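Asker: What follows is a predicted structure for the sequence shown.
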Amino acid sequence: MSQLIRNIGPRALNLSARAFSSQRTSEPPIPPYQWHKTESDGVKRARLLYQSRKRGMLENDLLLSTFAAKHLKSMDEALLNQYDRLLNLPSNDWDIYYWAVGNKPVPDDFDNKIMALLKEHVKNVNREKRLRQPDLN
């Protein structure tokens, strides 16, 4: 780093940093979700299991991976589609978390049977240990 500063000078570094930060005034747009129309049932369940485990937010990783382990195998096509929408349409993971735990009202688009099942799962009435994600079979 010091060699770089000597070569281009500290003033040039400062100017380039300001120029870079002024170009990034907003978040990049999130591309619209592409539905997997030709996906087989088994591939869809595997994809949803993966997406349930790899959210990027530990709270949702634990909630959704344990939910998927419990319910994914028994979901019919309609429930799979609702779950797919829940995992892929909201752009903010915190929204899903707050809806599931009841801190925010669920929008009409996501107030369905899957959300009711997820809210029931979050209550954890049987006091199951959910300190880590379930093992993959």
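Answerer: Sure, I can see it. Numbering: from 1, shown residues only.
Asker: name the element the nearest residue to residue 80 once chain neighbours are set aside belongs to?
Answerer: The shortest distance from residue 80 to any non-neighbouring residue, by Cβ to Cβ, 6 or more residues apart in numbering, is to residue 44 (5.9 Å). To be clear about C-beta, it is placed using only N, CA and C from the backbone, and glycine gets the same treatment. Using DSSP states H and E, residue 44 maps to helix 41-53.
Asker: Buried ones in that helix, by neighbour count?
Answerer: For helix 41-53, a neighbour-count test (16 or more other Cβ atoms under 10 Å) marks 44-45, 48-49, 51-53 as buried.
Asker: any idea of the pLDDT on residue 93?
Answerer: On pLDDT, residue 93 comes in at 89.
Asker: and it, what does it touch?
Answerer: 55-57, 60 (Cβ atoms under 8 Å, 6 or more residues apart in numbering).
Asker: Generate a ChimeraX selection restricted to the buried entries among these.
Answerer: To isolate the buried ones among the contacts of residue 93 in ChimeraX, judged by 16+ other Cβ under 10 Å, type:
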select :55,60
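Asker: Could you work out the most separated pair of the contacts of residue 93?
Answerer: 56 and 60 (8.0 Å; Cβ to Cβ).
Asker: which non-adjacent residue is nearest the most centrally placed residue in the chain?
Answerer: By Cα atoms, centre = their mean, the chain has its centre lying nearest to residue 55, at 3.8 Å. Take residue 55 and drop its neighbours on the chain: the residue closest to it by Cβ to Cβ, 6+ apart is residue 61, 5.1 Å away.
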